[in-house]
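>>> the following block contains a protein sequence and its predicted model.
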Amino acid sequence: DSPEASPSVVFEKIERCNPNLLQILLESISGLDVDTDFTVELIPERNVAVATFIRSIDTKEFVKKCSQHKRVREFKMTVRLLESTQTIKAENLPDSISTDYLTVYFENARNGGGAVSDVQLFPEENSAIITFCDHKGNT
């Protein structure tokens, strides 16, 4: 792991906080603007949201602020840094996609990639699991 903190923060148990309210709450706590300074991705299957900061901030301090915030506590949400992983899932892929194409695409530095060790295609789901040699290549 690198000493630098993840630019992404996970909010768990978000069912009591609708998406618009969550964005406003995060703007209020961070002092930043959604879409300009950070994005929020909802993962309803997991009852989770992930805020990824475009603007560089101290995410460890942000997690601490959120955990102590009155509204976050009222909604009974938990907050943590998104851990590094060597595997990602790519979805909504075209039917004609190949493992070679995905390997080259995700190894391209312009796409934030790194060395790929494995690609598993799931044509019935139009998805793939890409495994990197190092967690730094999965941005």
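Noted; the coordinates are in hand.
>>> for the rest of this, base every contact and every neighbour count on C-alpha atoms.
Noted.
>>> count of neighbours near the nearest residue to R55 once chain neighbours are set aside?
For R55, ignoring the flanking residues on the chain, the nearest one in space by Cα to Cα, 6 or more residues apart in numbering is D37 at 5.0 Å. Neighbour count of D37, defined by other Cα atoms under 10 Å: 16.
>>> my guess is D37 meets F53, correct?
Yes: counting by Cα atoms under 8 Å, a contact exists between D37 and F53, whose distance comes to 6.0 Å.
>>> how about the residue nearest to R55, what does it touch?
D37 sits next to F53, I54, R55 when contact means Cα atoms under 8 Å, 6 or more residues apart in numbering.
>>> and it, how close does it get to L22?
15 Å (Cα to Cα, to the nearest Å).
>>> could you do L42 as well?
10 Å.
>>> how's the protein carved up into domains?
Split into domains by the TED database, the chain comes to 8-81, 87-132.
>>> now the residue lying closest to S98 once chain neighbours are set aside, what are its backbone angles?
Excluding the flanking residues, the one nearest S98 by Cα to Cα, 6+ apart is L121, at 7.9 Å. Note on L121: its backbone torsions stand at phi -90, psi 140 [degrees, to the nearest 10].
>>> so what's L121 bridging to?
A128 (DSSP bridges).
>>> surely it and A128 touch.
Yes: counting by Cα under 8 Å, L121 does reach A128; the two are 4.4 Å apart.
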